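Asker: Quick check, what structure comes out for this input:
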Amino acid sequence: MDKQTEILIVDDQHEVREAIRFILKDKYSIAMAGEVEEAFRFLEATSVKLVLLDIKMPKIDGMTALEHIKKEYPGTEVIMVTAFATLETVRKAVNLGAFGFLMKPFDIDVLTKTVDGVLKGTGDRR
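Answerer: Model prediction:
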């Protein structure tokens, strides 16, 4: 792999992908996927440092995608993005290797600080 992208945003809602991209685009190279299968194809072809991954996705859910990403691309960090987190969901995601969670609607400062921390290696797991 010779191409590298810093962030891959995976969310089935176009508006959410665009909002995150708009907030982060001036600092990072960003790619977007509207479905997990598309994200998997992108990850096969491109090195990615961080995936922002929605939990509720059609066809393949975010937890299954998280498990696959951490198995196949262990150097890629994953932050789950969701409006529906339960304590059980959080535990499962952390056990599968998620760096942390961002709740929708997300706070712009929390989003940028979390992403900055992950990509600069100074972030605390949430």
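
Asker: for the spatially most central residue of the chain, helix, strand, or coil?
Answerer: In the chain, the centroid-proximal residue (CA atoms, centre = their mean) is Leu52; its distance is 1.5 Å. Of the three states, Leu52 takes strand under DSSP: H, G, I helix; E, B strand; the rest coil.

Asker: so who does it touch?
Answerer: Each residue near Leu52 by CB atoms under 8 Å, 6 or more residues apart in numbering is listed here: 7-11, 20, 79, 81, 102, 115. No exception for glycine: its C-beta is placed from N, CA and C like everyone else's.

Asker: can you give me the helices in the chain?
Answerer: For the chain, the helices defined by DSSP state H cover 14-24, 36-45, 62-72, 87-95, 108-120.

Asker: so of these, which one's packed in deepest?
Answerer: Ranked by mean neighbour count under mean count of other CB atoms under 10 Å, the helices of the chain are led by helix 62-72, which reaches a mean of 18.

Asker: measure Gly97 to Asp54 for me?
Answerer: Per CB to CB, to the nearest Å, Gly97 is found 17 Å from Asp54.

Asker: who has more neighbours, the two?
Answerer: Neighbours around Gly97 and Asp54, counted as other CB atoms under 10 Å, are more numerous at Asp54. The numbers are 23 against 15.

Asker: Please report the distance of that one from Val78.
Answerer: 11 Å.
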